[in-house]
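Q: got a predicted model here, sequence first, then my questions.
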Amino acid sequence: MKNIFKMLIFSIFQLPFFLHTTAQSSNEIFHSPLKSKWSSEKLLSIPESVLYNEKLDILFVANINGVPDEKDGNGFISKISKDGAIIQLKWITGLNAPKGMGIFEGKLYVADIDQLVEIDIASGKIIKQYPAKKAKFLNDVAIDKNGNVYVSDTKNNLLYCLKNGKFDVWLSVGNLFNPNGLLVDNTDLLVGCNNYIISVDLESRHVRTFITETGSIDGLVKINESQYIISDWLGNIFLVSKTDPKILLLSTVADKINAADIEYIKDKKLLIIPTFSDNRLMAYELELK
């Protein structure tokens, strides 16, 4: 009963994201360019985000392990090999509801409800916590080449930034509706909102509409200079671009397997999907022509 209650609460939080998403059946992806490679054991606990550490050649996974906006201290980070083997289930513990992650100069930055947590990767210890004023649901993380850390606040329609040790509101505009997935793309920050992606110039903070009719967006990754892959929490994976209609690559909606904040390992053409309530990672090779 407790787990059902947790999922009901999260469904209410996610309701705006579902408005533009239509459940797809598995039959609609018969010619998908995604080829299943592996699936981890179902030992994770509400995995919301996965991030590849190129230096260590491993995956970090943020596990909510509770209610997505509850400060219960149950959240943790896992270390998983690139072939899906669990190296250390509870590498970092004592978090609340960790979600998006980013890496810069040996530090792992994790969004955790109303704070950004900084972790020293070498020692495996939390070294600093940055509280975010007014934050309600910090979600995804992206880091630019200078080490500035951007974080989306989905419930408050805000973007935060950690710069020079200060963590504060960076962007608040009218078309920033339910911001979630973030991606630094050259000199811009791409922000996945409710049915569209906006592009924000990192210097001027000028906002423009980048891609429309996307459906809801959780994860957002770049695969080449013109194409991106997005996930929605229901379990759909789409290929999107500025010029072409979105293409459904994969749907696990019928199987009730969610698709949270995805990762793409470019040199391996490997897409990693955290399945949230299915408590595992699923990996697919992308075979685009």
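A: Structure received.
Q: and the residue nearest the centre of this protein?
A: Most central residue of the chain, judged by C-alpha distance to the mean C-alpha position with Cα atoms, centre = their mean, is residue 261 at 2.7 Å.
Q: pretty sure it sits against residue 49.
A: Yes - in terms of Cβ atoms under 8 Å, residue 261 counts as a neighbour of residue 49; the distance is 3.8 Å. No exception for glycine: its C-beta is placed from N, CA and C like everyone else's.
Q: common neighbours of the two, please.
A: Between them, residue 261 and residue 49 share these contacting residues under Cβ atoms under 8 Å, 6 or more residues apart in numbering: 62, 99, 100, 140, 219, 274.
Q: now those residues as JSON lines including secondary structure, distance to residue 254 and neighbour count?
A: Conversion of these to JSON lines gives the following (DSSP: H, G, I helix; E, B strand; the rest coil; distance: Cβ to Cβ, whole Å; neighbours: other Cβ atoms under 10 Å):
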{"residue": "62", "secondary structure": "strand", "distance to residue 254": "26", "neighbour count": "31"}
{"residue": "99", "secondary structure": "strand", "distance to residue 254": "26", "neighbour count": "27"}
{"residue": "100", "secondary structure": "strand", "distance to residue 254": "27", "neighbour count": "28"}
{"residue": "140", "secondary structure": "strand", "distance to residue 254": "26", "neighbour count": "29"}
{"residue": "219", "secondary structure": "coil", "distance to residue 254": "20", "neighbour count": "30"}
{"residue": "274", "secondary structure": "strand", "distance to residue 254": "19", "neighbour count": "29"}
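Q: which stretches of the chain form helices?
A: 2-18 (DSSP state H).
Q: so, low pLDDT: which residues of it?
A: Per-residue confidence of the chain (counting by pLDDT under 70) places the weak regions at 1-31, 289.
Q: contacts only, for residue 182.
A: 100, 140-142, 150-152, 159, 189-192, 220.
Q: that one pairs with what?
A: Note on residue 182: beta-bridge partners by DSSP bridges are residue 191.
Q: distance check, it against residue 269.
A: According to Cβ to Cβ, to the nearest Å, residue 182 stands 22 Å off from residue 269.
Q: with residue 278 instead?
A: Separation of residue 278 from residue 269 (Cβ to Cβ) stands at 23 Å.
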